[in-house]
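> Attaching a predicted model along with its sequence, questions to come.
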Amino acid sequence: MFSQNPVFIPGPTNMPEALRKAADMPTLDHRSPLFGQILRPALAGVKKVLKSESAEIFIFPSTGTGGWETAISNTLSAGEQILAARYGMFSHRWIDMCQRHGLDVKVVEAPWGGGLPAERYAEILTADRSHRIRAVLVTHNETATGVKSDVVAVRRALDAARHPALLFVDGVSSIGSMDFRMDEWGVDIAVTGSQKGFMLPAGLAIVGFSPKAMAATAKSTQPRTFFDVRDMARSYANGSYPYTPAVGLLNALKLSTELLLSEGLENVFARHHRIASGIRAAVKAWGLELCAHSEDQYSDTVSAIRTPDGFNATDIVALAARKYDVPFGVGLGEVAGKVFRIGHLGSLTDVMALSGIATAEMVMADLGLNVRLGSGVAAAQEYYRGAVVSEIQTAA
């Protein structure tokens, strides 16, 4: 059965009707000049969303996982050392991929619910006087735990140690929804996908390469064919692809970047922060806590909410889907069964968020948790009413 309810998973996100229609287009000859009229604006739009003047943008028919593989297969060689921290399911998966590619991964273990340990990175980078570490990995927004990490702190650590390692950032659940500044933060490769901040179906891996990262592609001995950015760059020069592109998704991405830029990136980020803050107010009213350990680490795109000890949080997700036809996210990895996740990114409004909060309340009450119906909704309403008034006054 087709549902008209919004989704509250951390991706794929709700799609504006205009973007759905943009993806639904007749077959186009992707070798014709018409395709270039889709491709070039899409690339330029992504570049602006990344806040970069110098990056080269590459868009593959894939997902964020393909973006990870693009980063490591184009710039590194088997046996080379990289620095990474494991503090959630997605940082773990990137580490696993690097190990499968034969890279020597120096892993820093960190608590799930905490952010990347930038101080430990600084110590390791300072001690690496021979510069064995070729790249440093950061998961900007750990989708499994609702934790934001400080990319700037890692860039400072690299600069303070005068270390030449490349800085790779997984921005899959942050880019297009939370502030991201590729050039200013000195990011060498930024990775994201179509199905989160860009409000599209899954199907595109979107990556930005700095000039330094592009230079590293000449030294890499990793095998790559489908994800070879050099082939992509040569084809892009002619407004084409080295193989068959996902034309409909690219057409929708072109429009998506136009929508984000017309709203204004700072307004997009403010909207996400406002919606997330209302949900956090609801969580507090329920007497529950977030998985994120501290307020400065709260994600503005996904909240992982801890349930009482002995309670299976997955039951909330299962009942919400079965009884109310509303999807929430389950806990993953070390927090499986301990948290449920509310995704609040992409095409979302305060009013839509309230429907998700109300559904979560009904489900928790159905399951016997000590949650008073209306408590979280009221807390979020109070926050949204005040925040919207404040924003209107500021705009005036």
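Perfect, I can see it now.

> Show the end-to-end separation of stretch 208-224, please.
Start-to-end span of stretch 208-224 (CA to CA, to the nearest Å) is 17 Å.

> Distance from that stretch to the middle of the chain?
Mean C-alpha position of stretch 208-224 versus that of the full chain (CA atoms, centre = their mean, to the nearest Å) differs by 23 Å.

> ok, now stretch 67-80?
20 Å.

> likewise stretch 312-325?
Going by CA atoms, centre = their mean, where stretch 312-325 is centred and where its chain is centred differ by 24 Å.

> same thing with stretch 118-132?
26 Å.

> all strands of the stretch 251-396 of the chain, in order?
According to DSSP state E, counting those that start in this stretch, the stretch 251-396 of the chain carries its strands in the segments 289-290, 302-306, 329-330, 339-343.

> mind showing which ranges of the chain have poor pLDDT?
Counting by pLDDT under 70, the chain has low-confidence residues at 1-2, 388-396.

> got the contact list for the helix or strand hosting residue 137?
Element membership for residue 137 (DSSP states H and E) is strand 133-139. With contact meaning CB atoms under 8 Å, 6 or more residues apart in numbering, strand 133-139 is reached by 72, 75-76, 80-85, 87-88, 90-91, 94-95, 98, 106, 116, 121, 124-125, 149, 151, 154, 158, 163, 165-170, 188. From N, CA and C alone the C-beta is placed, and that goes for glycine too.

> could you redo the last one with a cut-off of 6 Å?
Around strand 133-139, the neighbours that count as contacts under CB atoms under 6 Å, 6 or more residues apart in numbering are 76, 80-84, 90-91, 94, 116, 151, 154, 165-170.

> now it, how far from the centre of its chain.
Mean-position distance between strand 133-139 and its chain equals 17 Å (CA atoms, centre = their mean).

> now do stretch 105-113
The gap between where stretch 105-113 is centred and where its chain is centred comes out at 19 Å by CA atoms, centre = their mean.

> Could you give me the buried positions within it?
For stretch 105-113, a neighbour-count test (16 or more other CB atoms under 10 Å) marks 105, 107, 108, 110, 112, 113 as buried.

> try stretch 293-313
293, 297-307, 311, 313.

> now the end-to-end length of that stretch.
Calculated as CA to CA, the first-to-last residue distance of stretch 293-313 is 18 Å.

> Show residues contacting that stretch.
Defining contact as CB under 6 Å, 6+ apart, one finds that stretch 293-313 is touched by 10, 113-115, 141, 143, 145-148, 173, 177-178, 272-273, 276, 279, 283, 288-292, 331, 337-343, 345.

> Tell me the span between the first and last residue of stretch 212-220.
13 Å.

> ignore the last one, stretch 322-340
Start and end residues of stretch 322-340 are separated by 15 Å (CA to CA).

> Pull the distance from that stretch to the chain's centre.
18 Å.

> Residues in contact with it: which ones?
3, 5, 7-10, 89, 112, 144, 291, 304-306, 312-314, 316-317, 320-321, 341-343, 359.

> If we use 8 Å, what do you get?
Under the contact criterion CB under 8 Å, 6+ apart, stretch 322-340 has outside partners 1, 3, 5-10, 88-89, 92, 112-113, 144-145, 291, 302, 304-307, 312-314, 316-317, 320-321, 341-343, 355-356, 359-360, 362-363, 366.

> Now it: buried residues?
Those buried within stretch 322-340 under the rule 16+ other CB under 10 Å are 324, 326-332, 334-335, 338-340.

> again, but for stretch 275-287
In terms of neighbour count (16+ other CB under 10 Å), stretch 275-287 has its buried residues at 275, 276, 277, 278, 279, 280, 281, 282, 283, 285, 286.

> mind pulling up the phi and psi values for the nearest residue to the second one once chain neighbours are set aside?
Computed as CB to CB, 6 or more residues apart in numbering, the closest residue to residue 276 that is not its neighbour in sequence is residue 300, at 4.3 Å. Recorded main-chain torsions at residue 300 are phi -100, psi 10, according to degrees, to the nearest 10.

> and if you look at residue 162?
Comment: the main-chain dihedrals of residue 162 come out as phi 50, psi 50, following degrees, to the nearest 10.

> Measure how buried it is and give me the count.
By other CB atoms under 10 Å, the residues close to residue 162 number 10.

> just the helices in this protein please.
The residue ranges that make up the helices of the chain, judged by DSSP state H, are 17-23, 33-49, 64-75, 89-100, 118-127, 151-160, 211-216, 229-236, 247-263, 265-285, 314-324, 350-366, 375-395.

> Pick the most deeply packed of these.
Between those, helix 64-75 has the highest mean count of neighbours, a mean of 24, where neighbours are mean count of other CB atoms under 10 Å.

> So which of the buried residues of stretch 293-313 is the closest to residue 15?
The shortest approach to residue 15 among those belongs to residue 301, at 16.0 Å (CB to CB).

> Excluding chain neighbours, what is closest to that closest one?
Of all residues beyond its chain neighbours, the one nearest residue 301 is residue 345 (3.7 Å), with distances taken as CB to CB, 6+ apart.

> Please give me every residue in contact with that neighbour.
Applying CB under 8 Å, 6+ apart, we find residue 345 in contact with 10, 11, 13, 173, 177, 196, 197, 272, 300, 301, 302.

> make it 10 Å
Applying CB atoms under 10 Å, 6 or more residues apart in numbering to residue 345 gives the contacts 8-11, 13-14, 141, 143, 173-174, 176-178, 196-197, 199, 271-272, 275-276, 299-302.

> now swap in residue 80 and tell me
With CB under 10 Å, 6+ apart, residue 80 has these contacts: 72, 98, 101-105, 132-135, 219-222.

> Farthest-apart pair in those residues, please.
Comparing all pairs in the contacts of residue 80 by CB to CB, the longest separation belongs to 105 and 219, at 19.0 Å.

> follow-up on the earlier one: now render the buried residues of stretch 105-113 as a markdown table, adding distance to residue 370.
Formatted as a markdown table, these follow (distance: CB to CB, whole Å):
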| residue | distance to residue 370 |
| --- | --- |
| 105 | 43 |
| 107 | 39 |
| 108 | 38 |
| 110 | 32 |
| 112 | 25 |
| 113 | 23 |
